[in-house]
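*Asks:* how does the following fold in three dimensions:
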Amino acid sequence: MEQGRITAIAVDDEVNPRKLLQVLLDWHSLGIEFIGEASNGNEALDLIDAVRPNIVFTDINMPYMDGLELAKQVRERDPFIKVVILTAYPEFEYAKQSVKIGVHDFLLKPLQPDVLRKLAVDLKEVIEKETVHWNEYRKIQTELLENTLELKEKFLMDLLVGTSSNGEQLNRRFDYFFGESLRSCFSVAILDFQSEPNVEEERRLNLSMGCKRAVEFLVHEREGIHVLQDNGGRVVMISWDKAIELESLGEQAIRIIKDKLGCQATVGVGGVCNNLPMVKKSYKEALEALRYGKLFGGDQVISFGEDIRLVNYSTDLKQSDTEEIIFFIKTGLKDQAVKSIDKLFQSLEPSDGTANEHMYSLGVHFISMLNLAMSELGFTQLRSNLLNGALYNRMFGCRTTSDLSQFLSKLAEDTADYVQGTRMKKTNQIVHDILAYLTDEFRNPEVSLGSVSQKFHLNSSYLSRIFKQEIGQGFTDYLLKLRIDEAVKLMNEADWKAYQIAEKVGIKDPYYFSHRFKKVTGVSIQEYKRTSQK
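*Replies:* Modelled structure (predicted):
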């Protein structure tokens with residue numbers, strides 16, 4: 001409806017009643033305008049579709065379709081159109097019984113101008129109120145649509161920082177924004193880039209925007225994942241689809257960013273959680289993993305739970321000096337830990353009674369935190385051998401801040417070496433077990449990086465990285481070499497056809513097998529057979 005303009009049509013199988021209705025009142029002064037007329041229900045429906053009136057005045061008795069059936073169909077098409085039935089007295093009670101079909105009112109023939117005027121005023125008021133209400137609703141809807149991304153990201157940031165712990169409320173908001181009923185598998189990944197020191201702010205902003213676009217490009221056709229930037233400008237991926245591998249997406253993003261933007265990036269991946277209030281935990285884990293990865297130079301995906309663990313989930317994201325030292329120790333970075341200890345004790349005043357009390361308090365806190373960290377990591381042997389009660393006696397034997405700094409630095413070095421050594425042993429054992437498994441199972445065509453990762457409860461990104469570190473060769477290349485070596489052995493034993501050999505070594509596609517055989521050995525299968533038969 002145009003602003004301030006209410007339109008109507010007249011429907012009657014007789015011409016005179018249609019014309020009389022339009023001249024009984026000064027409709028223009030009432031703000032109502034007749035814009036058409038029809039002689040039966042079918043014509044009326046066509047006219048309604050064409051001109052979209054606000055009011056339909058219709059006789060009850062008409063051929064093909066009576067007024068009540070017309071009112072029913074009008075309501076189904078547009079419930080905001082007001083239908084007024086014109087009826088003679090014998091039909092009046094019958095018509096009133098049909099109010100459920102959406103008739104606004106009934107007028108008894110012959111029409112009385114004063115009754116018609118009262119109805120017209122009432123209709124105008126109702127229609128104008130509905131129009132105002134509907135316009136306000138549409139305005140709100142438009143604003144919501146225009147701000148959907150902003151509202152979504154505000155909701156997701158609430159999830160990440162944990163401003164709301166009401167699970168039911170979070171679930172309702174999640175369903176409103178994303179329309180998902182399955183919320184049983186959430187995880188968070190964070191990507192950040194490393195730029196040159198003293199880079200201009202404009203360049204930094206461009207890199208930040210470029211990183212976000214790179215990640216959005218990777219996920220734009222995927223459902224169950226959303227990309228945003230957190231308060232630190234880092235790119236955050238929140239996934240609620242267990243089929244999405246954030247580690248794999250992270251590796252792809254790192255390659256794109258290095259190729260297109262010319263800078264390094266690091267991705268930290270948090271653990272999987274099964275409800276919305278716990279998403280903040282995955283976010284903290286991803287931040288910790290990201291920080292760990294950046295310390296080692298970037299260009300890698302670090303998964304929480306396999307590479308590192310948090311000391312305490314309840315601590316604030318902004319770490320104290322002591323917590324930072326503990327972080328360096330548990331990640332095996334002893335040089336950084338020692339430097340941080342030196343810096344911490346340099347801030348203390350020269351030795352006096354108050355300063356000594358402060359330094360001992362600091363030492364007790366440090367050892368307590370270190371004990372907690374090692375307990376969280378499961379290093380019970382270290383706690384009994386190194387972090388025992390005698391440690392406090394030795395600490396209180398230090399008389400100066402310099403002595404205590406050296407004492408704690410040595411403790412940090414020993415603990416970091418132990419952590420790093422234990423981690424290396426664990427990695428060596430995992431790779432050793434995988435090598436043994438591949439030796440037995442490489443002939444199975446279902447064996448792949450993904451299947452082995454699942455069997456050993458690792459993510460594929462982590463397995464790929466530690467395998468190459470230990471063996472000096474990628475997992476896929478190693479598995480292929482096993483299969484091609486077996487193929488060569490079979491060729492030397494009997495005159496098998498290429499597809500038969502491919503099946504026996506776990507490669508389903510004989511064309512792929514032939515191509516990879518030449519890639520590994522340097523000769524084709526036919527050339528190898530001719531050479532070996534001479």
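*Asks:* how about the helices in the stretch 301-450 of the chain?
*Replies:* Remark: helices assigned in the stretch 301-450 of the chain by DSSP state H, counting those that start in this stretch are 321-330, 334-346, 353-377, 380-385, 390-396, 401-441, 449-455.
*Asks:* let me have those helices in TSV, extended by mean pLDDT and mean neighbour count.
*Replies:* C-beta here means a position set from N, CA and C on the backbone, and glycine is covered the same way. Converted to TSV, the helices of the stretch 301-450 of the chain look like this (pLDDT from 0 to 100; neighbours: other Cβ atoms under 10 Å):
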stretch	mean pLDDT	mean neighbour count
helix 321-330	78	21
helix 334-346	83	18
helix 353-377	72	16
helix 380-385	62	12
helix 390-396	77	13
helix 401-441	85	16
helix 449-455	85	15
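*Asks:* pretty sure N171 is touching W240, no?
*Replies:* No: contact between N171 and W240 fails when scored by Cβ atoms under 8 Å: they sit 11.6 Å apart.
*Asks:* of these two, which one has the most company?
*Replies:* Neighbour count, other Cβ atoms under 10 Å: between N171 and W240, W240 has more, with 20 against 16.
*Asks:* pLDDT wise, what is that one at?
*Replies:* In this model, W240 is scored at 87, pLDDT.
*Asks:* just checking, it touches E223?
*Replies:* No: between W240 and E223 there is no contact under Cβ under 8 Å: 9.5 Å.
*Asks:* ok so, going back, can I get the helices of the stretch 301-450 of the chain in TSV with distance to S282?
*Replies:* Output for these, formatted as TSV (distance: least, Cβ to Cβ, whole Å):
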stretch	distance to S282
helix 321-330	19
helix 334-346	26
helix 353-377	17
helix 380-385	27
helix 390-396	35
helix 401-441	22
helix 449-455	19
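*Asks:* wait, which of those helices is closest to M62?
*Replies:* In terms of Cβ to Cβ, the element of the helices of the stretch 301-450 of the chain nearest to M62 is helix 449-455, at 70.5 Å.
*Asks:* what's the first helix or strand after the closest one?
*Replies:* Downstream of helix 449-455, the next assigned helix or strand under DSSP states H and E is helix 460-471.
*Asks:* if the residue most central in space within the chain is in a bridge, with which residues?
*Replies:* Residue closest to the average C-alpha location in the chain (Cα atoms, centre = their mean): I238, at 2.7 Å. Beta-bridge partners of I238, counted by DSSP bridges, are V188, H226.
*Asks:* that one against M157, yeah?
*Replies:* No: at 10.1 Å, I238 does not count as touching M157 under the criterion of Cβ under 8 Å.
*Asks:* quick check: neighbours shared by these two?
*Replies:* L228 (Cβ atoms under 8 Å, 6 or more residues apart in numbering).
*Asks:* tell me which helix or strand I507 sits in.
*Replies:* Counting by DSSP H and E, I507 is part of no helix or strand.
*Asks:* mind checking the helices of the stretch 301-450 of the chain for the one nearest to E43?
*Replies:* helix 449-455 (66.2 Å).
*Asks:* chain center to the closest one: distance?
*Replies:* Counting by Cα atoms, centre = their mean, to the nearest Å, helix 449-455 is centred 24 Å from the centre of its parent chain.
*Asks:* any idea how many residues pack against the residue lying closest to L191 once chain neighbours are set aside?
*Replies:* Of all residues not flanking L191 in the chain, V235 sits nearest, at 4.2 Å (Cβ to Cβ, 6 or more residues apart in numbering). Close neighbours of V235, defined as other Cβ under 10 Å, add up to 25.
*Asks:* phi, psi of V235?
*Replies:* phi -90, psi 120 (degrees, to the nearest 10).
*Asks:* ok, it - contacts?
*Replies:* Counting by Cβ under 8 Å, 6+ apart, V235 has contacts I190, L191, D192, S208, C211, K212, V215, V227, L228, Q229, A253.
*Asks:* gap between it and Q500?
*Replies:* Going from V235 to Q500 by Cβ to Cβ, to the nearest Å gives 49 Å.
*Asks:* any idea how many residues pack against the closest residue to L160 other than its chain neighbours?
*Replies:* Leaving aside its sequence neighbours, L160 sits nearest to Y283 (Cβ to Cβ, 6+ apart; 4.4 Å). As a burial measure, Y283 scores 28 neighbours (other Cβ under 10 Å).
*Asks:* same question, Q300
*Replies:* The burial count assigned to Q300 is 20, neighbours taken as other Cβ under 10 Å.
*Asks:* so what sits opposite it in the bridge?
*Replies:* Beta-bridge partners, per DSSP bridges, of Q300: T266.
*Asks:* need the contact list for it.
*Replies:* So Q300 contacts I254, T266, V267, G293, R465 (Cβ under 8 Å, 6+ apart).
*Asks:* the third one and L287 touch, don't they?
*Replies:* No: the pair V267 / L287 is not scored as a contact, 11.6 Å apart, by Cβ under 8 Å.
*Asks:* what touches both of the two?
*Replies:* Contact criterion Cβ under 8 Å, 6+ apart; residues bridging V267 and L287 by contacting each: I190.
*Asks:* more neighbours: which of the two?
*Replies:* V267 (30 against 23).
*Asks:* may I see the contacts of V235 organised as a markdown table, with pLDDT, secondary structure and neighbour count added?
*Replies:* What follows is the contacts of V235, written out as a markdown table (pLDDT from 0 to 100; DSSP: H, G, I helix; E, B strand; the rest coil; neighbours: other Cβ atoms under 10 Å):
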| residue | pLDDT | secondary structure | neighbour count |
| --- | --- | --- | --- |
| I190 | 93 | strand | 28 |
| L191 | 93 | strand | 28 |
| D192 | 92 | strand | 23 |
| S208 | 87 | helix | 17 |
| C211 | 91 | helix | 25 |
| K212 | 90 | helix | 18 |
| V215 | 91 | helix | 27 |
| V227 | 90 | strand | 22 |
| L228 | 90 | strand | 19 |
| Q229 | 89 | strand | 17 |
| A253 | 89 | helix | 25 |
